[in-house]
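Undergrad: Okay, structure incoming, though there's no sequence with it:
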């Protein structure tokens, strides 16, 4: 009876998983910055693409339709990209390439002839939707086990989305200071370049050098 009671007490104790060194790991920060910078691009699109197109002379309905098309393409790209990403020996090329497509398409939406904006919207959807999926896939592929993946996901999404939330604010500030969205092109290029650099490094076929430790509390 005493032995059974002791076993029940042990089973009743809570367990907590710790991952030591995650916040000091360089690769973890590269994954986090890749997540944050590509998310900043996405937030700029969701928040400001309609006003950008309206400033270029499109009516509200057409501008909204163009953004809706881009978002629908993003959804399709999100489903396809992970299947492509896991087939390669690493994800460096696909991460960097998607950044290039997303930023180039944004520049096209800013400056290309209005007759081509539907094409640029489709390309932007491919690039941006693919980036979202690639960032999530990278979190899993760089982790040794599910516990590390869970903690890395928490780090990447917490810090990453906080960083991403600054993007739309900066777009608004640029618009207010200059009276035009044209100078936002510099911001989009900077965000895309930062995402490409960190996406390239985060896409290497290595794992974060941390381990999950289970403690009974």
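TA: Arrived safely, thanks for sending. Source: prediction; values computed, not measured.
Undergrad: What is the neighbour count of residue 131?
TA: When neighbours are counted by other C-beta atoms under 10 Å, residue 131 registers 31. For the C-beta atoms, the positions are set from N, CA and C on the backbone; glycine is no exception.
Undergrad: which one is it nearest to, not counting chain neighbours?
TA: Leaving out its chain neighbours, the residue that sits closest to residue 131 by C-beta to C-beta, 6 or more residues apart in numbering is residue 38, at 4.1 Å.
Undergrad: all strands of the chain, in order?
TA: Per DSSP state E, the chain carries strands over the ranges 15-19, 212-216.
Undergrad: Pick out the shakiest of these, pLDDT-wise.
TA: Sorting the strands of the chain by mean pLDDT places strand 212-216 lowest, at a mean of 54.
Undergrad: gap between residue 86 and residue 124?
TA: 24 Å (C-beta to C-beta, to the nearest Å).
Undergrad: Of those two, give the one with the bigger neighbour count.
TA: With neighbours defined as other C-beta under 10 Å, residue 86 and residue 124 compare such that residue 124 has more, 30 against 11.
Undergrad: residues in contact with the residue nearest to that one when sequence neighbours are not counted?
TA: For residue 124, ignoring the flanking residues on the chain, the nearest one in space by C-beta to C-beta, 6+ apart is residue 105 at 3.5 Å. By C-beta atoms under 8 Å, 6 or more residues apart in numbering, the residues touching residue 105 are 120-121, 123-124, 126-127.
Undergrad: go on, residue 63?
TA: 49-50, 53-54.
Undergrad: So for the longest helix anywhere in the chain, what gets flagged as buried?
TA: The longest helix of the chain (DSSP state H) is helix 26-55. Within helix 26-55, the residues that qualify as buried by neighbour count (16 or more other C-beta atoms under 10 Å) are 27-45, 48-50, 52-53, 55.
Undergrad: what helices or strands is it leaning on?
TA: Counting contacts by 3 or more C-beta pairs under 8 Å, 6 or more residues apart in numbering; DSSP states H and E, helix 26-55 is packed against helix 60-85, helix 92-111, helix 117-141, helix 146-164, helix 166-178, helix 184-202.
Undergrad: any weak-confidence spans in this protein?
TA: Counting by pLDDT under 70, the chain contains low-confidence residues at 1-18, 211-217.
Undergrad: Please tell me how far the most centrally placed residue in it sits from residue 182.
TA: In the chain, the residue lying closest to the centroid (C-alpha atoms, centre = their mean) is residue 35, at 3.6 Å. Separation of residue 35 from residue 182 (C-beta to C-beta): 28 Å.
Undergrad: same thing with residue 112?
TA: According to C-beta to C-beta, residue 112 stands 13 Å off from residue 182.
Undergrad: and what of residue 29?
TA: 32 Å.
Undergrad: Also residue 200?
TA: Distance, residue 200 to residue 182, using C-beta to C-beta: 28 Å.
Undergrad: Those two: which has the busier surroundings?
TA: residue 200 (19 against 14).
Undergrad: list the contacts for that one?
TA: By C-beta under 8 Å, 6+ apart, the neighbours of residue 200 are 92, 95-96.
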